[in-house]
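1. Have a look at this prediction, sequence included:
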Amino acid sequence: QALGLAAAVAASIASVQAFQAPQHLRHRDAASALSAPTPVCPPKMSSSPLPGEGDGKFHFSIDRGGTFTDVHCVLPDGSELVSKLLSVDPANYDDAPTEGIRRVLDERDPTGKRHPRGRAVDTSSIGSIRMGTTVATNALLEREGERMGLVITKGFRDLLKIGDQTRSDIFDLTCKAPEVLYEEVIEVDERVMLAEFFDENKSDKEISQLELKPQLQKSRTQSDYLHLSDWPEAGVGKRITGVTGEKIIPLCVPDADAVRASLEKLADKGIRSLAIVFLHSYVYPEHEKMVGDIAKSMGRFTEISLSHEVMSMVKMVPRGHTSCAAAYLTPKIKEYLSGFTKGFDEGLKTNVRLDFMKSDGGLAPVNDFGGHQAILSGPAGGVVGYAKTSYRPSLDGDGKASSKPIPVIGFDMGGTSTDVSRYDGMLEHVFETTTAGVSIQAPQLDIHTVAAGGGSRLFLHNGLFVVGPESSKAHPGPVCYRKNGYLAVTDANVVLGRVIPDHFPNIFGPNEDEPLDLDGARAAFQELANNNEEDKGRTVEDLAYGFVQVANEAMCRPIRNLTQMRGFDIAKHALACFGGAGPQHACAMARALGITKVYVHRYGGILSAYGLSMADAVVEEQEPASQVYAVAKVDGSGFEEDQDPSTSTREARLKQLQEKAISSLMGQGYSRESIVVERYLNMRYQGTDNAIMIIEDKSIDSQLPYAKTFIEQYHREFGFELEGRDILIDDFRVRAFVPGKTPKPPPRAPRIGSPTPTGHTKAYFENGWETIGTFNFDVRMRVKRGCEMKLLMNLVPLVF
């Protein structure tokens, strides 16, 4: 029962087109959820250390999106309930997640207790709350974060502004560099250097003399560095072992009094958030710690982000941007949490487990949730949702696997944007991404976002169809919402008959008591055509269909980037569509991509929230390294199998990170036995800059198992191998997690024939208007598992 609808169209692309005709009707599941909570029977779950299976408490999983907030709740008796409400509705409530929780409690409290609007929500019956939020993403996109200052190594004040010179569009003649997040910059006179190359030709005696020689310390201004004689003398100072095991020479230690004076001036300007980024802090963090302690002792800063703590990796530009993002966004997260908690009684802080979804697809407790971890907080829940429900073998009647799982592409089309991702048995992460011009160096799910959603606005520019990136948002919304909104993709689907107003509740208009406005949407398209000379001859349907095609192509592009551009055959994937608008577009896109299998989950409209209920609790630990893993043979024919220079320290450092991650999870209340650990090496060829994160695979029978996996992934992604190059380790990484619950796949149901349509409607496709049947998924369950329908042109049957 985990899949309410599995569209297995296996023979031809044309059959996918045929499946498209009744596809929009599946949106009724989300539509019914919009009006009122709907109790349903829960799927069977595997054993889980998490609560929520009929333990007498309410367990909420909430995804606050840009347009809608989705709520999934496990009720005290173990049954499930879903609901949906607008993320922004200032006339009726201040905070959508709080209102969603209040509505469920008011409707389903087994004691009959009322929970009226305007009072603090009683938490005595709430067991847990899990949330995904777009607060950090929106603050970054709209540049509405906390005022902050940057503390950086002297001489590098403009480094983050210069960035890496990457242009988002190399053909844009008016390309504008994105604004930096910080307002003020403080330069700190500090510097360290690596001893390896300086000392390589020196005797022990010479090195000892350099360690004893005093380094001339003085307060230097910017102009002093124009004279080489004023620079710290290279190589002079004590050799200290850094984080990576390399020897470090501190050349210039920060002047505490000068730092304090500079920070006082910064605080006087109203800056309360700091990002501290020093050149080599990833390997020698002592200088950052020193300045951070000074800032804390002053008591004038509420957020202090140290780059080596945020993400201890070598590249200073993304590390600096990530630290700035943490300092810029974390106060906004805290501000939102403060407002959220005010809607509840004091029991929320003491008796309710409150977790947030991180960008890497794992849950974190509320006190360990930073702004830089929240960029993909919302979409991550959807990835977990489709990964745990769509990637599975088919089962025969005896419950035995009858086929191998096929890779799945997640297609999450919401109101504001569309997110696409890929799953093939393991969550795929990236470690450096750019969002709104800011490079974020942190583990994130590999999710590609395009500004095309149900609320994306529609424009005609000199005869060209343009979809987005502007959004009509939740308020006022598309024209059909009856709030004087903007023409959007949802209006196109209403006009084309793919969204049926009669299947939606009367919750639109200023008084929330009117149906979707079909006539208003048609009039808006007609007005658009009349105002553009190039399109005066087009019908309303032609315009709407053209905009849908443009939106579909915009959403196909990132899917190709995830698959074909990385060496995967796109035709060997299934498409798992979800989000409020996903099923309306999925089959047309599958046809364009050559995909012949489409999954639509029964909770497709709220799958991000449902995914939160199944998410793992995750702790990640990572440290930089500087080691050789595999030594290339002189003749370039492979690697020396008996040589692994990293053996002596690699295992010890991985175990240290492993214990640290396990301890953190145990501190959250999980048992050691429930924790699973994955270990990784971030590897690259010597002389290259492209590192790949390689998971430990104990099944590989080789002296150099990591090398085998690295070479395979490198060849698949880049199409070649580099012979005669050593393989290096840049980072050690450990991911410890407590697995969330996973629905068990049901056995294959016997086919029971065709269901009876509950009605008929007309919908517009490339050949014009067609009459098609409608089928309601309701308590009567006219469409059951095992039902089949003959598709248009008598092609392959659609099996449920």
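-> Cool, got the structure. Keep in mind it's a predicted model, so treat the numbers as computed, not measured. Residues are numbered from 1 along each chain as shown.
2. Poorly predicted segments of the stretch 351-500 of the chain, please.
-> Per-residue confidence for the stretch 351-500 of the chain (pLDDT under 70) gives these ranges: 394-403.
3. how about the strands in it?
-> Secondary structure of the stretch 351-500 of the chain, counting by DSSP state E, counting those that start in this stretch: strands at 353-357, 362-365, 408-413, 418-423, 429-430, 433-435, 438-440, 444-445, 448-450, 456-461, 464-471.
4. Measure how the fourth one sits relative to strand 456-461, angle-wise.
-> Direction vectors for strand 418-423 and strand 456-461, defined by axes from the mean of the first three to the mean of the last three Cα atoms, to 10 degrees, enclose an angle of 120 degrees.
5. Quick one: residues in contact with strand 418-423.
-> Defining contact as Cβ atoms under 8 Å, 6 or more residues apart in numbering, one finds that strand 418-423 is touched by 379, 382-383, 386-387, 390-391, 407-412, 428, 445-450, 452-453, 555, 558-559, 562-563, 568, 573, 579. Every residue, glycine included, has its C-beta placed from N, CA and C.
6. re earlier: among the strands of the stretch 351-500 of the chain, which is the most enclosed?
-> strand 408-413 (a mean of 28; mean count of other Cβ atoms under 10 Å).
7. CA atoms only for it - export them in PDB, please.
-> Output in PDB follows, covering the C-alpha atoms of strand 408-413 (Å, rounded to 0.1, in the frame of the first residue of the first chain):
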ATOM      1  CA  VAL A 408      15.000   6.500  -9.600                       C
ATOM      2  CA  ILE A 409      14.900  10.100 -10.600                       C
ATOM      3  CA  GLY A 410      13.100  12.300  -8.100                       C
ATOM      4  CA  PHE A 411      10.900  15.000  -9.600                       C
ATOM      5  CA  ASP A 412       9.500  17.400  -7.000                       C
ATOM      6  CA  MET A 413       7.400  20.100  -8.600                       C
END
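8. What is it packed up against?
-> Strand 408-413 makes packing contacts with helix 377-390, strand 418-423, helix 540-562, strand 574-578, helix 582-593 when contacts are defined by 3 or more Cβ pairs under 8 Å, 6 or more residues apart in numbering; DSSP states H and E.
9. now it: how far from the chain's centre is it?
-> In terms of Cα atoms, centre = their mean, to the nearest Å, the gap separating the centre of strand 408-413 from the centre of its chain is 13 Å.
10. contacts for that strand?
-> For strand 408-413, the external contacting residues (Cβ under 8 Å, 6+ apart) are 379, 382-383, 386-387, 390-391, 418-424, 452-454, 555, 559, 562-563, 570, 573-582, 584-586, 589, 595, 599, 607-608.
11. if you set the cut-off to 7 Å instead, what comes out?
-> Contact partners of strand 408-413, identified using Cβ atoms under 7 Å, 6 or more residues apart in numbering, comprise 379, 382-383, 386, 390-391, 418-423, 453-454, 555, 559, 562, 573-579, 581-582, 585-586, 608.
12. Run me through the strand neighbours of it, direction for each.
-> In its sheet, strand 408-413 lies beside strand 418-423 (antiparallel), strand 574-578 (parallel), with partners assigned from DSSP bridges.
13. orientation of the first one relative to helix 377-390 in degrees?
-> So the one you mean is strand 418-423. In this structure, strand 418-423 runs at an angle of 50 degrees to helix 377-390, with the same axes, to 10 degrees as the basis.
14. Distance from strand 418-423 to the middle of the chain?
-> Relative to the centre of its chain, strand 418-423 is centred 9 Å away, using Cα atoms, centre = their mean.
15. Would you reformat the helices and strands packed on strand 408-413 as TSV and include distance to S648?
-> Supplementary listing: the helices and strands packed on strand 408-413 in TSV, determined by distance: least, Cβ to Cβ, whole Å:
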stretch	distance to S648
helix 377-390	37
strand 418-423	37
helix 540-562	39
strand 574-578	45
helix 582-593	49
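16. Could you save the strands paired with strand 408-413 as JSON lines and add columns showing distance to T98?
-> As requested, the strands paired with strand 408-413 are exported to JSON lines (distance: least, Cβ to Cβ, whole Å):
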{"stretch": "strand 418-423", "distance to T98": "25"}
{"stretch": "strand 574-578", "distance to T98": "24"}
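17. Kindly state which of these is positioned closest to F171.
-> Ranking the strands paired with strand 408-413 by distance to F171, with Cβ to Cβ as the measure, places strand 418-423 first at 23.7 Å.
18. Measure how buried V495 is and give me the count.
-> By other Cβ atoms under 10 Å, the residues close to V495 number 24.
19. right, I mislabeled it, should have said D169
-> The burial metric for D169, expressed as a neighbour count using other Cβ under 10 Å, is 8.
20. Give me the phi and psi for the closest residue to it other than its chain neighbours.
-> Across the structure, with Cβ to Cβ, 6 or more residues apart in numbering as the measure, the residue nearest D169 apart from its sequence neighbours is C175 (6.6 Å). With angles defined as degrees, to the nearest 10, C175 shows backbone torsions of phi -50, psi 130.
21. just checking, C175 touches T166?
-> No - using Cβ atoms under 7 Å, C175 and T166 do not qualify as a contacting pair, with a distance of 10.4 Å.
22. Endpoints of stretch 510-525, how far apart?
-> The distance separating the two terminal residues of stretch 510-525, taken as Cα to Cα, to the nearest Å, comes to 22 Å.
23. what does stretch 360-377 give?
-> Distance between the two ends of stretch 360-377: 8 Å, counting by Cα to Cα.
24. before we move on, what about stretch 474-494?
-> In terms of Cα to Cα, the two terminal residues of stretch 474-494 are separated by 17 Å.
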